[in-house]
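1. just coords:
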């Protein structure tokens, strides 16, 4: 099976860079694991959204899309759960 390529929107990259280093060390391995399994068992498809998925890392949510034809995972947001769905 071919790994997916992971890309970040500019805003997601900024959100990730603004987080504390210890938090990034917990979140980044989860993002990297999406290259192998873009829809892990812990992922959920967001209701009312066409192609958005999310995974949880503690109180933070990683929101992303998956393009199976291009083998691409596009990380759209890395936010605290209180702000993730706005």
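-> Everything's here; your move. This is a predicted model, so every value here is computed, not measured.

2. hey, let's count contacts and neighbours off CA atoms from now on
-> Fine.

3. can you name the residues that contact residue 64?
-> Neighbouring residues of residue 64 by Cα atoms under 8 Å, 6 or more residues apart in numbering: 52-54, 73-77.

4. secondary structure element holding it?
-> Using DSSP states H and E, residue 64 sits within strand 60-67.

5. partner strands of that strand, parallel or antiparallel?
-> Partner strands for strand 60-67, per DSSP bridges, with pairing direction: strand 52-57 (antiparallel), strand 72-80 (antiparallel).

6. pLDDT weak spots in the chain?
-> 1 (pLDDT under 70).

7. tell me which other helices or strands the longest helix along it touches.
-> Longest helix of the chain, by residue count under DSSP state H: helix 21-33. For helix 21-33, the packing partners by 3 or more Cα pairs under 8 Å, 6 or more residues apart in numbering; DSSP states H and E come out as strand 52-57.

8. excluding chain neighbours, what is closest to the spatially most central residue of the chain?
-> Taking Cα atoms, centre = their mean, the centroid of the chain lies closest to residue 62, which sits 3.5 Å from it. Distances taken as Cα to Cα, 6 or more residues apart in numbering put residue 78 closest to residue 62, at 4.7 Å, once the chain neighbours are dropped.

9. can you check residue 77 too?
-> residue 12 is the one closest to residue 77 (Cα to Cα, 6+ apart), at 4.5 Å.

10. next, that neighbour: phi, psi?
-> Phi and psi for residue 12, reported as degrees, to the nearest 10, are phi -70, psi -40.
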